[in-house]
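Q: could you look at this predicted model? Sequence included:
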Amino acid sequence: MKTLSKLLMSAVFAIGAMGAAVAPAAADDNIIFLSGPLTDPFFGAMKAGSDAAAKELGVKYQYSTTPDFNDIVALYTRLGEAAIARKPQALVIGDFFPDSVEPLIKKAVAAGIPTVVFNSGRTKWKELGAIGFVGEDPTLMGKAGGEAQAKAGVKNGICVDHVAANPVLEQRCKGYIDAVTAAGGKAKMITVPYEDTTNDQKLQQAIGGALLSDKTIDGVFTLGPSVAMNAIAAVKQTGRKITVGTTDLSTPALEAVKAGTLLFALDQQPFLQGYYGLQIAAQYNKYKVAPVTEVNTGPFMIDASNVDAILAVSKTYPGIRGAN
Amino acid sequence: MSAAPKKTLRIVNLIWLGPAIAWLVIFAFFAIVGGENGFLTSSGTAGWLNIAAELGIIAIPVGLLMMSGEFDLSTGSMVGAASIIVAVGKSYYGISSEAAIALALVLAILVGTFNATLVERTKLPSFIVTLASNMVLMGTALGLSRLLAGTSTISMKDDGWAKDAFATKFGDFNISIGWWIFAAVLAAWVLRRTPFGNWVLATGGNLDGARRAGVPVGRVKLVLFIWTAVSSAFVGVMTTFEFNQGNATTGQGYVFQGAIAAVIGGVLITGGFGSVLGIVFGTMIYGVVSLGLFYTGWSTDWLSTFVGALLVIAVITNNVVRQKALTQGANRK
Amino acid sequence: MTGITPIIELRDISKSYGNNTALSGINISVYPGEVHCLLGDNGAGKSTLIKMMSGVVPPSTGQILFDGKPVNLASPREAMAYGIATVHQDVGSIPLLGVARNFFLGVEPTKGWGPFKRIDFDKAGEIAIEHIRAMGISRVTDPDQLVGTMSGGERQALAIARALYLGAKVLILDEPTAALGVRESSVVIDAIRKARAQGVALVFITHNAPHAFAVGDRYTVLLQGRVAASFSRGEKTLDELTTWMAGGKKIAEDATV
């Protein structure tokens, strides 16, 4: 009975909160944070970060996003145009799609809106006139994974791109492949069709197939914690010794690091991208201060040496590190 | 011609033969190209069968529904919603597996009833109605999951009976294959042998005619919509126990893959024609094609191209088979 | 035919939709073992009359008697319960289903118990073929033959056979020969004769004077919602019948000027 009433109460709370979420925000004194869809736990953690920053700094902001990844380039661009038209106090925007987002950033800067770039766009933000950048470099992320695996003895690796045609994932794979190749090994990329991005069975069997088709593969680099678990299961099926590493993380992935089935999880710490992104914008507005170089939130390497501490925090604050 | 009733081999009873031959050809192709790379090993076989099993459990009722002249595009969200219910229920509220599964199945019955009622009342195409409910359901599952748990992917650990029922492995073969066979035998029995099966085909073949003949077409569709939703929820529950995690967005691939498997399996997209065995072979074709490529060592970027080409060939073949069925025995003098 | 009670009788029936009078002062008696031809141009009120007899719409005034007793046919289901069946022009068969499955659609015979209850295909096939043969269709011998492979006339015959098997006492045939060629029409006419021989009352709606002349026992000509003429077999020649139908059309045209 107790559980049931708890469930009901949560449901009531949930409905109330949903109502609050759709309430229109005031259109002048906001900072607008243009982020990716909350279907992805990664952006959930980012929003937790920006929420925390807004609360601690006492600023108003609006977290604006597309509902999911469908047609995201066009929708994200349109959201950006709408945000600029509202003349917010500041804009925090991810340069996920350079060809369509960079003209937007230029437009915002020209309109006098202080703009912070997050996540992607580290080589372009200064040129575009943004006041700061916080994020990762997907190539560096892949490189870190490749180097760590090469160090662990990987000679023939595969990089699993589970969101076909995503430029960031492709860059990470490239970074990985280059790093493994530079260390004297070889590596290639496999892709899974877009609609199967969240199909665990398909991902596991696809990786299993790739591992079976080439008996010399001794390293798998995945680009998400869920896929990492699929890769671990596929490796187990082969009975061979294959090193698995991933970008991003989840509790099961962290537990796998602890258990030794996963060599490492590379975190780009989306919470910090959300937190610093909003903080840079707010502090620039207030004090006109801003960091002069890129703020790097990743790759943050989680391996056997630090996994216990991170697991403890993940249990206390679920969702803070990305997937739970 | 003799006066006594006589039986001949009818094309309409051999709808499955086309997909079966196609499967054989495709299987042989990948066996030759990918055989050396382990496609034919027990592990390789289990690989595509495990994928086919989960898709197949959904594709069968989707195919039956298609035979009755309706679509259900809300299957994907039903998988995700069931998965979230089980994971949130067990991980965050500590309810039993029985209760969590029961909740998921009750939601499925509600969703199926909702779809059927809306289609019946509004007379709108089920394509649109269920596309809408797919989005509503996915959004709600995602929203609630993030509100209650703060994330869309929720870990769940269970080692009870449900883990045995849904995630047992025989070597590399998942128990889901057994569930799939059960679902196929049940559906084949219903379609071929029972009055209800006759009503399904009649409803899709000629809606007004079926209604005039006294077939409760509304009830036929209601049962099929619920069947589809419950099967989708079943797959959602199963994968949650197998992979120890619930995800609100999982299963979206099934929305069209289920329909694709049914069509490749010889189900007529406008209704009134199809076989369960055909759907099973259609699903197996999908399984082999979507996994076989990973054994060839070729670039996997081309996977969707293969599936798309297959779909076109299947639809054309089905059309020819149906025309043949309609001319067979027509020996007009 | 005096002394025999009509199986269905319409007494002083009228029907209006708002200010529009579709039928007025209609008296028709249909007897068992007879073919009652209902003739008239489009808009003469034939379809309203059929709908009334099959319980789709109620009359505004007047009475419907079934077997001598006044009845209220509130729904098609109720009409069917009395044994009033309608075979529509498009028949309503399911082309991609077999003969037996079509014949027994909605009333499939079953065997077995509980969850193992299944269609008794042997029984269904035997009965279906037997009854179709009784309608003069000898070409169809396999109960699995798809109805879509049968000719239009054969499908009409199948529908008539099904209605008779399900216990129809009154069979309303809504222009069964309208879309058919000469040979196919004769298949249907033949089936109508065979049904009549079984003692069923048939209401045969048609535009075609030779068809009506070939098989009719009684004739009612409708004109602008009224009975313009009613007569029995032998009272008019085919020529007269044709003239009547053509004349009726002429009069109708004159009246609307």
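A: Arrived safely.

Q: low-confidence stretches in chain C?
A: C:1-3, C:91, C:246-257 (pLDDT under 70).

Q: shouldn't residue B:95 be within a strand?
A: No: under DSSP: H, G, I helix; E, B strand; the rest coil, residue B:95 falls outside any strand and is assigned coil.

Q: now the helices for the chain?
A: Since you didn't name a chain, this refers to chain A. With DSSP state H as the criterion, chain A has helices at A:2-22, A:41-57, A:72-85, A:98-110, A:125-128, A:138-151, A:167-182, A:200-213, A:225-238, A:251-259, A:270-287, A:307-316.

Q: try again with chain C
A: Using DSSP H, helices in chain C cover C:46-53, C:76-82, C:99-103, C:121-134, C:152-165, C:182-197, C:209-215, C:238-256.

Q: dump the helices of chain A to JSON lines, plus mean neighbour count and mean pLDDT.
A: No exception for glycine: its C-beta is placed from N, CA and C like everyone else's. Formatted as JSON lines, these follow (neighbours: other C-beta atoms under 10 Å in any protein chain shown; pLDDT from 0 to 100):
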{"stretch": "helix A:2-22", "mean neighbour count": "11", "mean pLDDT": "39"}
{"stretch": "helix A:41-57", "mean neighbour count": "22", "mean pLDDT": "90"}
{"stretch": "helix A:72-85", "mean neighbour count": "17", "mean pLDDT": "85"}
{"stretch": "helix A:98-110", "mean neighbour count": "17", "mean pLDDT": "90"}
{"stretch": "helix A:125-128", "mean neighbour count": "17", "mean pLDDT": "93"}
{"stretch": "helix A:138-151", "mean neighbour count": "23", "mean pLDDT": "94"}
{"stretch": "helix A:167-182", "mean neighbour count": "21", "mean pLDDT": "92"}
{"stretch": "helix A:200-213", "mean neighbour count": "26", "mean pLDDT": "91"}
{"stretch": "helix A:225-238", "mean neighbour count": "24", "mean pLDDT": "92"}
{"stretch": "helix A:251-259", "mean neighbour count": "21", "mean pLDDT": "91"}
{"stretch": "helix A:270-287", "mean neighbour count": "24", "mean pLDDT": "94"}
{"stretch": "helix A:307-316", "mean neighbour count": "14", "mean pLDDT": "87"}
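
Q: check which helices and strands the strand or helix carrying residue B:211 sits against.
A: If you go by DSSP states H and E, residue B:211 is part of helix B:207-212. Packed against helix B:207-212 by the contact rule (3 or more C-beta pairs under 8 Å, 6 or more residues apart in numbering or on different chains; DSSP states H and E) you find helix B:195-205, helix B:217-243.

Q: packing partners of the shortest one?
A: For helix B:195-205, the packing partners by 3+ C-beta pairs under 8 Å, 6+ apart come out as helix B:42-67, helix B:176-193, helix B:207-212, helix B:217-243, helix C:99-103.

Q: now it against helix B:176-193, angle please.
A: Taking axes from the mean of the first three to the mean of the last three C-alpha atoms, to 10 degrees, one finds helix B:195-205 and helix B:176-193 inclined to each other by 80 degrees.

Q: may I have helix B:195-205 exported as CSV, CA atoms only?
A: The C-alpha coordinates for helix B:195-205 follow below in CSV (Å, rounded to 0.1, in the frame of the first residue of the first chain):
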residue,chain,number,x,y,z
PRO,B,195,-13.9,-18.4,-36.9
PHE,B,196,-12.1,-15.3,-35.5
GLY,B,197,-9.3,-15.9,-38.1
ASN,B,198,-11.9,-16.0,-40.9
TRP,B,199,-13.4,-12.7,-39.6
VAL,B,200,-9.9,-11.1,-39.6
LEU,B,201,-9.4,-11.9,-43.3
ALA,B,202,-13.0,-11.0,-44.1
THR,B,203,-12.8,-7.6,-42.3
GLY,B,204,-9.7,-6.7,-44.3
GLY,B,205,-10.9,-8.2,-47.5
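
Q: by how many degrees do it and helix B:42-67 diverge?
A: Computed by the same axes, to 10 degrees, the angle separating helix B:195-205 from helix B:42-67 equals 70 degrees.

Q: average model confidence for helix B:195-205?
A: Mean pLDDT, helix B:195-205: 95.

Q: that one: how far from the chain's middle?
A: Averaging C-alpha positions (C-alpha atoms, centre = their mean, to the nearest Å) puts helix B:195-205 19 Å from its chain's average.

Q: ok, which of the helices of chain A comes nearest residue A:299?
A: Judged by C-beta to C-beta, the one of the helices of chain A that comes nearest to residue A:299 is helix A:138-151, at 4.4 Å.

Q: buried stuff in stretch C:116-136?
A: The neighbour-count check on stretch C:116-136 (16 or more other C-beta atoms under 10 Å in any protein chain shown) flags C:118-121, C:124-125, C:127-129, C:131-136 as buried.

Q: and for residue A:306, the neighbour number?
A: Residue A:306 is flanked by 12 other residues according to other C-beta atoms under 10 Å in any protein chain shown.

Q: measure it to residue A:313 for me?
A: Separation of residue A:306 from residue A:313 (C-beta to C-beta, to the nearest Å): 11 Å.

Q: and residue B:271, by the same measure?
A: 55 Å.

Q: which ones are touching the residue of the stretch 101-250 of chain A found nearest chain C?
A: Proximity to chain C, evaluated over the stretch 101-250 of chain A using C-beta to the nearest C-beta, is greatest for residue A:201 at 30.8 Å. By C-beta atoms under 8 Å, 6 or more residues apart in numbering or on different chains, the contact list for residue A:201 reads B:50-51, B:54, B:239, B:242.

Q: including pLDDT, neighbour count and distance to chain A, could those go into CSV?
A: Listed next are these as CSV, based on pLDDT from 0 to 100; neighbours: other C-beta atoms under 10 Å in any protein chain shown; distance: C-beta to the nearest C-beta, whole Å:
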residue, pLDDT, neighbour count, distance to chain A
B:50, 92, 26, 6
B:51, 91, 27, 5
B:54, 94, 30, 5
B:239, 91, 27, 6
B:242, 89, 22, 8
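
Q: low-confidence regions, the stretch 1-150 of chain B specifically.
A: Low-confidence segments of the stretch 1-150 of chain B (pLDDT under 70): B:1-9, B:12, B:150.

Q: for it, which segments are assigned as helices?
A: For the stretch 1-150 of chain B, the helices defined by DSSP state H, counting those that start in this stretch cover B:17-34, B:42-67, B:75-92, B:97-122, B:126-149.

Q: what distance do you get for the closest residue to chain A within chain C to chain B?
A: Of all residues in chain C, the one sitting closest to chain A is residue C:115 (30.8 Å; C-beta to the nearest C-beta). Noted for residue C:115: a distance of 9 Å to chain B, by C-beta to the nearest C-beta, to the nearest Å.

Q: ok, which of the helices of chain A comes nearest residue B:107?
A: helix A:2-22 (13.0 Å).

Q: any idea how far residue A:135 is from residue C:193?
A: As judged by C-beta to C-beta, residue C:193 and residue A:135 stand 88 Å apart.
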